[in-house]
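Enquirer: Can you look at this prediction? I've put the sequence above it.
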Amino acid sequence: MARMTPSSFSYGFDLGPRFQELRPLGTGASGLVLAAVDRRGGRRVAVKKLVLRDALGAKHALREVKITRRLRHDNVVRVYDTLGPCGRPLPRDLAGITAVYIVQELMETDLGRMLEGGPLPVEHATLLFYQLLRGLKFIHSANVLHRDLKPANIFVNPEQLLLKIGDFGLARIVDPHYSHKGYLSEGMVTKWYRSPRLLLSPNNYTKAIDMWAAGCILAEMVTGRMLFAGAHELEQMQLILDTVPVLREEDQQELLKVMPSYVSHGWEVRRTLQELLPEVEDEAIDFLERILTFNPMDRLTAEAALRHPFLRRYSYPQDEPVAPHPFRIEDELEDSLPIIGALLAAAGALWLSG
Ligand code: OWQ
């Protein structure tokens with residue numbers, strides 16, 4: 001009997017003979033990820049398996065495929081291929097398909113692992129953060145929210161100091177021209193990078209919320225310590241309130257309703273960002289203060305942050321591209337409400353033919 005080759009069916013990955021040397025990297029937001037060598041072209045790749053267990057699993061897989069295929073940018077992990085069972089091309093109609101494989105670029109490490117070795121030299125942290133913002137500017141211009149930015153989802157090739165944003169398993173499309181509430185919340189997003197707004201209303205996802213996470217990540221790169229490491233949601237909010245001033249009247253009033261016992265100290269912070277991060281230079285503190293604002297309306301956008309003096313050595317607006325084909329309201333609805341999505345598609349077809 002022919003020996004099963006390791007590539008034929010390891011780890012429940014039904015990929016056919018194209019991939020070799022499979023080894024597990026971890027379980028991401030949406031499924032198991034393996035490193036492998038693609039015999040076509042000899043590239044090393046990361047392959048993520050999305051299991052279509054039920055209608056919801058299929059919906060999430062389709063969304064991740066749709067989003068990651070369109071996001072082509074230097075600072076976003078590149079998707080090379082999306083495959084079905086046996087490593088065959090993905091059919092148009094997914095009926096009967098049990099798994100989808102996303103074949104993507106393999107990066108050497110992630111920022112979480114890098115930070116296990118302690119803080120980064122501030123020059124390295126600045127260059128990496130510039131690339132994080134450059135990637136976010138592009139992602140947000142495509143009307144995509146990442147929603148789970150954290151060091152483990154940010155991939156790095158350390159010798160070139162190249163950074164790419166990855167793992168779009170919780171990403172959503174949101175068209176800012178229409179009102180939205182980010183209806184579906186999975187409730188599994190890491191709390192340490194959650195903005196105060198998100199702690200107060202867990203379903204309300206916006207671009208500003210990705211920026212909060214980015215700010216937490218910059219602080220962590222420079223200090224080697226997680227900025228706000230709450231053990232639970234209430235403590236997360238308390239740690240934020242210890243350092244982030246609540247300037248707007250409406251936010252103060254909401255907090256008085258939600259956590260009256262904690263906020264009764266005249267709205268003075270207990271320790272400033274400068275006191276919390278004594279090793280961080282003034283310009284970086286100023287920058288962080290513009291990102292870690294309590295109210296998302298006061299927070300710098302990725303595009304505006306790229307123009308802050310902290311990044312003047314790297315900023316080059318002519319080479320900070322936006323998405324050529326942003327996602328639109330139809331894509332957002334198609335994701336959330338399959339029936340309306342189908343109706344819109346049919347109406348579009350009618351309109352085109354008529
Ligand atoms: C890499 C592109 N990983 C990934 C991996 C979730 C997503 C996940 C694991 C690896 C990073 C650590 C080591 N490149 C990726 C990716 N994704 N896109 N998604 O589970 N590269 C949580 N790597 C390579 C390599 C060697 N030794 C330790 C880690």
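Expert: It's in.

Enquirer: Please report phi then psi for the most centrally placed residue in the chain.
Expert: Central residue of the chain (CA atoms, centre = their mean): residue 146, 3.2 Å from the mean position. The phi/psi pair for residue 146 (degrees, to the nearest 10) reads phi -80, psi -50.

Enquirer: Residue 22 now?
Expert: Torsion angles, degrees, to the nearest 10, at residue 22: phi -70, psi 130.

Enquirer: who in the stretch 151-300 of the chain is up against the ligand?
Expert: 152, 155, 166, 167 (CB under 6 Å from any ligand atom). (Each C-beta comes from the backbone N, C-alpha and C, glycine too.)

Enquirer: Sort out which of those are in strands and list them.
Expert: residue 155 (DSSP state E).

Enquirer: In terms of distance to residue 330, which of the residues of the stretch 151-300 of the chain next to the ligand ranks first?
Expert: Distance to residue 330 across these (CB to CB) is lowest for residue 167, with 25.2 Å.

Enquirer: and the gap between that closest one and residue 258?
Expert: For residue 167, the distance to residue 258 (CB to CB, to the nearest Å) stands at 31 Å.

Enquirer: could you list every residue that touches the residue of the chain found nearest the ligand?
Expert: Proximity of the chain to the ligand (CB to the nearest ligand atom) peaks at residue 26, 2.7 Å away. By CB atoms under 8 Å, 6 or more residues apart in numbering, the contact list for residue 26 reads 32, 33.

Enquirer: quick one: it is in a strand?
Expert: Yes - assessed with DSSP: H, G, I helix; E, B strand; the rest coil, residue 26 lies in a strand.

Enquirer: got a pLDDT number for it?
Expert: On pLDDT, residue 26 comes in at 89.

Enquirer: and what of residue 342?
Expert: Listed pLDDT for residue 342 reads 55.

Enquirer: do residue 56 as well
Expert: Value for residue 56, per-residue pLDDT: 87.

Enquirer: Which helix or strand lies directly C-terminal to the helix or strand it falls within?
Expert: Per DSSP states H and E: residue 56 is located in helix 55-70. On the C-terminal side of helix 55-70, the closest following helix or strand by DSSP H and E is strand 79-83.

Enquirer: For that following strand, name the packing helices and strands.
Expert: For strand 79-83, the elements it packs on are helix 55-70, strand 99-105, judged by 3 or more CB pairs under 8 Å, 6 or more residues apart in numbering; DSSP states H and E.

Enquirer: ok, the residue nearest to the centre of the chain touching residue 139?
Expert: Yes - under the criterion of CB atoms under 8 Å, residue 146 makes contact with residue 139 at 6.2 Å.

Enquirer: I'm done for today, thanks for sticking with me.
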